[in-house]
Every structure is written in C-alpha cells, then in structure tokens.
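**Student:** model this:
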Amino acid sequence: MTTEIVSVPVIDLEAASVAEPGSEELAQARAAAEQLGIIQVVNHGVPQQLIDDFHGSIGRILALPPAEKEKLASPTAHPYRGWRQWPDDYGRLELERFSFGQYDDPASAAAAGVPEEYLDVFAHANVWPAQEPGLREVARAYHDANVGVARRVLALYARALGVPVETFPGRTPEYTTFVVNDYPTWTHPEPGTDEEKLLLLEHADSSVLTVLHQEGDYAGLQGQRPDGTWISVPIVPGALQVFTGSLLTNWTNGLLKPGRHRVVAGGTVTRRSTAVFVYPSLDTVVEPLDVFVGDGEPEFDAYHVGRAAVGSVEDYLQVFGRPEQVAAWREGRPYVAAVQEPA
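**Tutor:** A predicted model of the protein is given here:
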C-alpha cells in the first residue's frame with residue numbers, strides 16, 4: 001500500500017541510509033519522492049557549526065548598507081555571480097541574492113577536471129567581499145558538505161526504488177550552482193487581491209537534487225501536492241531540505257516527481273535560504289534510464305548538461321532579463337536593478 005504524504009517528511013538520513021529493504025524509512029522516502037519531490041533530512045552529517053559560520057558570514061554581507069552591496073554586483077552583470085536585487089512590478093524589493101560560481105576561473109575548473117569545451121561557464125569571476133575575508137573558505141566548505149548530502153540522498157532514493165545505488169550516473173566533478181536568497185519582511189498591502197504575496201514564483205529546479213537550508217520565523221516555503229494544493233515546509237532546527245529536480249524526473253522516466261515550490265511573504269524578520277543545485281558532470285547526457293523505461297517508451301528527451309550550462313545566462317535573460325540588464329550584460333558592465341526606497 002502506498003504511503004500518502006500529508007506533510008513534508010523529516011527523514012533521519014543516517015538511519016535511512018542503512019535501513020533494510022521494505023522498511024518504513026525507505027517507504028517514506030519513496031512516497032515523498034514520488035508524490036511531492038521534497039523531503040527534509042536530519043542527521044545528515046553537515047556540522048551545525050559550519051552552517052552557522054556560513055550563515056553568519058554571508059548574513060553580515062547582506063546586512064551591509066545598499067551602497068556597499070551595490071559594489072558587490074558582478075562587474076560583468078552576470079546574473080549568477082555576486083550580489084543582486086530585483087523588484088516586483090511595482091518597484092518594491094522582493095528578493096536579494098548572492099551567488100557563487102563553482103570555480104573562480106577557467107583554470108581552476110580545468111584543474112578540477114572540467115572538459116575544455118565547458119570552461120567558458122566559469123569565465124566570469126566570483127565576487128568575494130573584502131569585508132568578509134573568510135567567506136570564500138567557509139562557502140567552499142559549506143558547498144562541498146551539501147554536495148555530499150545530495151550524493152547520499154540520491155543513493156537513498158536508489159535503495160528506496162529497489163535499484164542499485166550506481167544506477168544514477170555518478171561521474172565527478174558534479175556541476176553545481178550556489179545561491180543565497182534574502183526575502184524581506186513584507187509590509188505593503190496587495191492592491192485588489194486577497195492572495196498571498198509571492199516573493200518567488202512557483203517552479204521546479206532544473207537540477208538532479210537541490211539541497212537547501214532555510215531560516216526565519218515563518219514557514220514561507222511551500223511545496224505543491226499532486227492535487228495542486230500547497231503545503232508548508234516547516235522550519236525544523238538542524239534540518240536541510242532536499243528537492244527533486246527535473247533531471248532526476250528525467251532519469252526515472254517520470255517516476256519521481258519534481259519538487260514544485262514557491263515562497264510567500266510573511267514573518268517579522270528577513271527570511272533567508274541557501275541552496276546548492278547539484279547536476280551531473282558537465283559532459284553528462286541525461287535521458288531516461290533503461291531500468292525505469294522497461295518495455296515502454298521514454299517520456300523525456302535527452303538533456304545535455306554542459307550545453308545547457310554554456311547557454312544558461314542567455315536563456316535566463318531571454319525570459320527574465322530587463323532591457324537595461326541585457327544591455328549591461330552585452331556591454332560587460334555592472335547592473336543593479338532600481339527599487340523603491342522604504343517609506
């Protein structure tokens with residue numbers, strides 16, 4: 001009998017990783033992966049001190065005056081490097097973000113084993129704030145620990161599905177992206193609607209798995225149930241949230257559901273989340289695996305990780321870029337979106 005998911009399960013990752021086939025732990029993990037695409041894990045092996053150190057360091061950067069943060073924008077308007085902010089349709093601040101590239105430059109990527117044809121993905125520099133000289137080291141350690149969690153959860157899902165843990169291709173280095181999101185407290189009334197203010201629109205990640213840490217005083221993160229309704233992802237002390245991305249859905253030929261989610265406004269303090277998006281290595285072609293296709297037909301097209309990464313900025317700007325942002329990118333100069341100053 002399938003376990004119906006009525007809330008986001010909290011899974012002891014250490015215990016589930018050694019649970020026997022047919023156990024409640026594996027049944028719960030499979031049900032969540034098939035129905036919701038979101039789990040929370042505890043006993044995950046990431047030291048709380050490392051989490052606190054990273055959040056303390058990046059938090060001090062995000063608390064700087066706006067004029068200081070503007071200096072930390074990407075010098076080339078790269079949307080996935082350094083600090084940025086964006087307004088809603090009324091010019092009100094919805095989100096601040098600080099993003100890190102996996103490697104600081106193409107030489108570092110090559111030394112890590114990235115094939116030459118994908119080195120341009122790392123041609124735009126990371127921004128490491130002089131105000132926090134220890135941020136680079138702690139960010140790298142935090143990133144690596146979260147990649148380790150993603151590997152363990154992927155192995156857990158394989159065991160829950162009854163397939164060998166090596167079923168999912170595991171060439172290294174994985175390709176990753178890494179962002180910190182700061183959502184402001186929302187004091188503005190929404191004109192003409194009773195709906196909750198969305199600070200981040202509903203979507204599913206394009207990764208295999210995304211590992212996220214959230215902090216704040218309200219459950220602003222929501223996941224979508226199979227019937228289309230929304231469920232809050234509560235803030236559980238010490239827990240990490242793991243989202244299934246569209247590439248794991250592809251690999252499993254639709255068996256595992258992508259974790260559709262959104263962020264709503266609320267609370268009395270700024271909400272912060274950090275997310276490490278974990279993809280296969282850049283030379284991987286993702287397509288439904290034979291074990292999940294069986295005698296049927298693949299439901300998904302092949303997806304080339306490296307080609308998508310090379311074109312990711314252009315693809316993003318084509319859909320979401322404001323004209324002045326696109327112009328800055330074309331001209332290789334910084335871009336900072338204008339927002340209304342608080343009253």
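
**Student:** which helix or strand contains residue 182?
**Tutor:** Using DSSP states H and E, residue 182 sits within strand 175-183.

**Student:** elements contacting that strand?
**Tutor:** On a contact count with 3 or more Cβ pairs under 8 Å, 6 or more residues apart in numbering; DSSP states H and E, strand 175-183 meets helix 48-62, strand 93-100, helix 135-161, strand 198-203, strand 271-279, helix 305-310. Glycine gets a C-beta too; all of them are placed from N, C-alpha and C.

**Student:** rank these by pLDDT, which is bottom?
**Tutor:** Among the helices and strands packed on strand 175-183, strand 198-203 has the lowest mean pLDDT, at a mean of 92.

**Student:** and that one, what does it pack onto?
**Tutor:** Going by 3+ Cβ pairs under 8 Å, 6+ apart, strand 198-203 lies up against strand 93-100, strand 175-183, strand 261-264.

**Student:** now what about the shortest one, what contacts it?
**Tutor:** Here strand 261-264 makes contact (Cβ atoms under 8 Å, 6 or more residues apart in numbering) with 38, 181, 183, 196-204, 220-224, 230, 233, 243, 271, 273.

**Student:** so what's the gap between it and the chain middle?
**Tutor:** 13 Å (Cα atoms, centre = their mean, to the nearest Å).

**Student:** ditto for the second one
**Tutor:** With Cα atoms, centre = their mean as the basis, strand 175-183 stands 6 Å off its chain's centre.

**Student:** show residues contacting it.
**Tutor:** Contact with strand 175-183 is made by 58, 62, 80, 94-102, 121, 139, 143, 147, 199-200, 207, 216, 220, 263, 265, 270-282, 305-306, 309, as judged by Cβ under 8 Å, 6+ apart.

**Student:** tell me which residues of stretch 312-323 come out buried.
**Tutor:** For stretch 312-323, a neighbour-count test (16 or more other Cβ atoms under 10 Å) marks 313, 317, 321 as buried.

**Student:** that older thread, out of the helices and strands packed on strand 198-203, which comes closest to residue 106?
**Tutor:** strand 175-183 (14.2 Å; Cβ to Cβ).

**Student:** quick check: mean pLDDT of that closest one?
**Tutor:** Rounded mean pLDDT across strand 175-183 is 97.

**Student:** apart from its neighbours in sequence, what residue is nearest residue 10?
**Tutor:** residue 40 (4.7 Å; Cβ to Cβ, 6 or more residues apart in numbering).

**Student:** lovely, talk soon.
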